[in-house]
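In: model the structure of this input:
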Amino acid sequence: MLSELAPAIILSLAAFTFSFAGFGFPWVALPLLSLVMPLRDAIIFHYPFVLALVFYHAWRYRGHLAWRRHLPLLIGSAMGMPLGVWLLLALPEELMRKGMAVFIALSVLALSRDWGERLAGKVSSTPLGGAAIGLLSGWLQGAYAVGGPPVVLYIMARAKSPQEVKGFLGVYFTFICVVTASLYAVNGLFTAHWLKLSLYYSPSVLLGAAAGAWAFSRVSSVGFRRIVFIMLLAAAVALWFSS
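Out: Okay, here's the model as predicted:
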């Protein structure tokens, strides 16, 4: 019973975070799922939920895009993802766990400080900088399915409105998730077993997403950012000591 309940709670929490904050489903789901199953299995298990959520986000904010301004980022991401998938298949489990824990912690610290956005503004002001950020994001996406933080910093520095931020992130995550899912499929990582299991736990994701939307409408922007960052740091600490 506990083995079935734990993934349901974790997925609900991750969906709550995504609906509440607009990003972060893999940041929460993967560290916690890896406590109850191998990390590679967790990546495949959670992926259908990520696809569904980013598709919805992209469709909702599809009218607020500026493709040409962000094309170097997209090109760099497409180049980085195959390398990340190769590392997923090649690296030892413990190294992946600790690497993800450190990356999540550093990403949260950067996103919560003004210097992070200032640094992103300097780097992203040139096409070469945008391509470099995309390459880093694509590599992290392919290896750990958590390529979002560099792009969040990038788009916050480049976007002219909150609507453009949400629109680009929705479409960008759809793009990289579809490409990554295709790479996973080519490498034989998807199986009918995991797809059926994801379908079995879909009510938990729907419940968490609905709760996140409800909570977002009742909490200040400062409050919701603090809650999300605390949750992510706690997940990173748990992941590090579970190795």
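
In: may I ask which helix or strand encompasses the closest residue to G142 other than its chain neighbours?
Out: Closest residue in space to G142, ignoring its immediate chain neighbours: G84 at 2.2 Å, by CB to CB, 6 or more residues apart in numbering. For every residue, glycine as well, the C-beta is placed using N, CA and C. Using DSSP states H and E, G84 sits within helix 71-90.

In: helices or strands up against that helix?
Out: Contact partners of helix 71-90 among helices and strands, from 3 or more CB pairs under 8 Å, 6 or more residues apart in numbering; DSSP states H and E: helix 127-144, helix 148-158, helix 162-186.

In: these: which one's closest to I227?
Out: Evaluated over the helices and strands packed on helix 71-90, closeness to I227 peaks at helix 148-158, with 16.7 Å, by CB to CB.

In: averaged pLDDT, that closest one. What do you get?
Out: Averaging pLDDT along helix 148-158 yields 70.

In: contacts only, for A58.
Out: Residues near A58 by CB atoms under 8 Å, 6 or more residues apart in numbering: G167, G170, V171, F173, T174.

In: roughly how far apart are it and F16?
Out: 20 Å (CB to CB, to the nearest Å).

In: next one: S202
Out: For S202 relative to F16 (CB to CB), the value is 15 Å.

In: do G134 as well
Out: Per CB to CB, G134 is found 29 Å from F16.

In: follow-up on the earlier one: and the angle for the helix holding G84 with helix 162-186?
Out: Here helix 71-90 points in a direction 40 degrees away from that of helix 162-186 (axes from the mean of the first three to the mean of the last three CA atoms, to 10 degrees).

In: buried set for helix 71-90?
Out: 72-77, 80-82, 84-85, 87-88 (16 or more other CB atoms under 10 Å).

In: got a markdown table for these, with distance to A52 and pLDDT too?
Out: Formatted as a markdown table, the buried residues of helix 71-90 follow (distance: CB to CB, whole Å; pLDDT from 0 to 100):
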| residue | distance to A52 | pLDDT |
| --- | --- | --- |
| P72 | 28 | 81 |
| L73 | 24 | 79 |
| L74 | 22 | 79 |
| I75 | 26 | 82 |
| G76 | 26 | 81 |
| S77 | 21 | 81 |
| G80 | 24 | 79 |
| M81 | 20 | 75 |
| P82 | 24 | 78 |
| G84 | 22 | 72 |
| V85 | 21 | 71 |
| L87 | 26 | 68 |
| L88 | 22 | 67 |
